[in-house]
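# when you get a sec, could you give me coordinates for this:
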Amino acid sequence: MKLTLQRRCLQWARQRAGLSIPELAHKLKIKDATVTAWEESGELTWSLVEKLANVTHTPLGYLFLPTPPVETLPIQDFRTVQTQDIAQPSPDLLDTVNEALRRQDWYRDYIRNNGGELLTFVGSLTIASPLDVAVKRIREVIAWRVDSRGESFSWTNALPRFIAAVENVGILVMRNGIVGNNTHRTLDITEFRGFALSDYYAPLIFINGRDAKAAQMFTLAHELVHIWLGESGVSNLTLTYAPAIAVERFCNTVAAELLVPLTELRTTWAKNAADPDNISETARYFGVSSLVILRRLRDAELLSESDFRRRYNDEIVQFNQRAPAHKEGGGDFYRTLGARLGKRFVSALVESTLEGGTPYREAFQLLGVKNAESVRKLASTLGDAA
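The predicted structure is shown next:
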């Protein structure tokens, strides 16, 4: 049976998914001419309507609308490219934010039903707060200081230790490089690096796991400041400076001082000033990307503006030449899932489900699994990791 839909909606669905006509035809295993024909006439079979919705990750009902919908993020959008706002979020970003919001809703109810208290640090800063005051307030809550790293500190454990410190104070941290558990839908780091969902009971930070771990450190610190400001939003952090947006500029400044205090940077830099690999060594010491170190060297006036720009551009070229830092698939699915959704969230949901507080069907949706055995295996994996 053939249906007649608005051709603009059919074109919109393809373009929304970032697909050309040949690319869509290839995914649907049909001829290019078939796609061209329905985009000109609006006529196609019910079977192709379903396939089109599935391949383009478009809600089926959208294809039956009289005009294409205008999709916006449910939270503030702080992303820019060369100071210009990014107008259209991708289906991958929209689905990722909406999944996180659903999980946050569940966790908020869970905390409130179990007598959890308001997190008073949420929204306790403003962008007018002095830098030293902002950093001090965050460090009073988060057990993360350069001088606490000690001899056991290494580059490989910097990020998980930082995540653990953040989760220990009641903030959910989720880190994923794909949409849900779908390895065919990878997240684009040029679109976004992370986002924060502020809430007095269930603040949540999402980090794009496709990014290099050193860059994820800065993203986590940046989004942490968003929580202290009480400002939900999506960030792309293409540059470590964000001059066009006051909130992003403040978050970057505080995050930089939190991870790389200028006083210690000057000391560390002076010890190895003659080392040609000093930037890389300093980045490893602080557990951040070389871009952050370059930014801090500029802040400390240890690099001139021209030298900073030259080195920064060189680092960008090297970043783009490197292989993707995060690979999805393989390994232990349940350990991977625990890392994607965060230990705090997964532990609470699994415990609530096994005790009868949350229906299994709801748990399946929130975890992205299909049966009760998966929930039990996840519980076992969490127990082994404890």
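# how near is the residue lying closest to residue 286 once chain neighbours are set aside to residue 218?
Residue nearest to residue 286 in three dimensions, not counting chain neighbours: residue 260, with 4.9 Å by CB to CB, 6 or more residues apart in numbering. (Each C-beta comes from the backbone N, C-alpha and C, glycine too.) Distance of residue 260 to residue 218, computed by CB to CB, to the nearest Å: 9 Å.
# what of residue 272?
22 Å.
# settle it for me: which of these two has more neighbours?
More neighbours surround residue 218 than the other of residue 272 and residue 218, with 26 against 14 (other CB atoms under 10 Å).
# hang on, the more buried one packs against residue 237?
Yes: assessed by CB atoms under 8 Å, residue 218 is found in contact with residue 237 at 7.1 Å.
# now the strands for the stretch 1-150 of the chain?
Under the criterion DSSP state E, counting those that start in this stretch, strands of the stretch 1-150 of the chain are mapped to 2-4, 43-45, 80-81, 84-85.
# to residue 164, which of those lies closest?
Nearest to residue 164 among the strands of the stretch 1-150 of the chain is strand 80-81 (31.4 Å), distances taken as CB to CB.
# before we move on, the earlier item: need the residues touching each of residue 260 and residue 218.
Contact criterion CB atoms under 8 Å, 6 or more residues apart in numbering; residues shared by residue 260 and residue 218: 288, 292.
# follow-up on the earlier one: using TSV, lay out the strands of the stretch 1-150 of the chain together with mean pLDDT, mean neighbour count and distance to residue 207.
Formatted as TSV, the strands of the stretch 1-150 of the chain follow (pLDDT from 0 to 100; neighbours: other CB atoms under 10 Å; distance: least, CB to CB, whole Å):
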stretch	mean pLDDT	mean neighbour count	distance to residue 207
strand 2-4	92	12	41
strand 43-45	94	16	39
strand 80-81	64	15	19
strand 84-85	55	10	22
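# now those strands in JSON lines, with distance to residue 356?
Shown next, in JSON lines, are those (distance: least, CB to CB, whole Å):
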{"stretch": "strand 2-4", "distance to residue 356": "45"}
{"stretch": "strand 43-45", "distance to residue 356": "45"}
{"stretch": "strand 80-81", "distance to residue 356": "47"}
{"stretch": "strand 84-85", "distance to residue 356": "47"}
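# between the ones you listed, which one is closest to residue 186.
Closest to residue 186 of the strands of the stretch 1-150 of the chain is strand 80-81 (CB to CB; 19.6 Å).
# so residue 305 touches residue 298, yeah?
Yes: the pair residue 305 and residue 298 qualifies as a contact (CB under 8 Å) at a distance of 7.2 Å.
# if you count what's nearby, which of these two comes out ahead?
Using other CB under 10 Å as the criterion, residue 305 and residue 298 rank with residue 298 on top: 19 against 9.
# ok, now which ones touch the more buried one?
Contact partners of residue 298, counting by CB under 8 Å, 6+ apart, are 305, 308.
# which SSE is it in?
Following DSSP states H and E, one finds residue 298 within helix 290-299.
# and the helix or strand following that helix, what's buried?
Downstream of helix 290-299, the next assigned helix or strand under DSSP H and E is helix 305-321. Residues 308, 311, 312, 315, 319 are the ones in helix 305-321 that count as buried (16 or more other CB atoms under 10 Å).
# closest to residue 143 out of the strands of the stretch 1-150 of the chain?
Taking CB to CB, strand 80-81 is the member of the strands of the stretch 1-150 of the chain nearest to residue 143, at 32.9 Å.
# re earlier: ok, the residue nearest to residue 286 touching residue 288?
Yes: contact criterion CB under 8 Å: residue 260 and residue 288 qualify, at 6.2 Å.
# scan this protein for its longest helix.
The longest helix of the chain (DSSP state H) is helix 91-113.
# for the record, mean pLDDT for the helix or strand where residue 249 lies?
Following DSSP H and E, one finds residue 249 within helix 246-259. Helix 246-259 shows an average pLDDT of 92 in the prediction.
# packing partners for that helix?
With contacts taken as 3 or more CB pairs under 8 Å, 6 or more residues apart in numbering; DSSP states H and E, helix 246-259 sits against helix 131-141, helix 213-229, strand 233-235, helix 290-299.
# mind redoing it with 7 Å?
helix 131-141, helix 213-229, helix 290-299 (3 or more CB pairs under 7 Å, 6 or more residues apart in numbering; DSSP states H and E).
# list just the one of those that sits closest to residue 203.
Once the helices and strands packed on helix 246-259 are compared by CB to CB, helix 213-229 is nearest, at 4.6 Å.
# in three-state terms, label residue 185 for me.
For residue 185, the assignment made with DSSP: H, G, I helix; E, B strand; the rest coil gives strand.
# skipping its backbone neighbours, what lies nearest it in space?
Spatial nearest neighbour of residue 185, chain neighbours left out: residue 179 (3.9 Å); criterion: CB to CB, 6+ apart.
# same question, residue 165
Using CB to CB, 6+ apart, the closest residue to residue 165 is residue 144 (4.7 Å).
# over to residue 56?
Leaving out its chain neighbours, the residue that sits closest to residue 56 by CB to CB, 6+ apart is residue 17, at 3.9 Å.
# surely that neighbour and residue 91 touch.
Yes: Residue 17 lies in contact with residue 91 (CB atoms under 7 Å); the separation is 6.1 Å.
# who touches both of these two?
Common neighbours of residue 17 and residue 91 (criterion: CB atoms under 7 Å, 6 or more residues apart in numbering): residue 57.
# where does this structure dip in pLDDT?
81-87, 145-156, 238-243, 319-331, 384-386 (pLDDT under 70).
# now do the buried residues in stretch 281-298.
282-298.
# same thing with stretch 53-68?
Residues of stretch 53-68 classed as buried: 53, 55, 56, 57, 58, 62, 63, 68 (neighbour count, 16+ other CB under 10 Å).
# so what's the backbone phi/psi at the residue nearest to residue 286?
The phi and psi values for residue 260, taken as degrees, to the nearest 10, are phi -130, psi 80.
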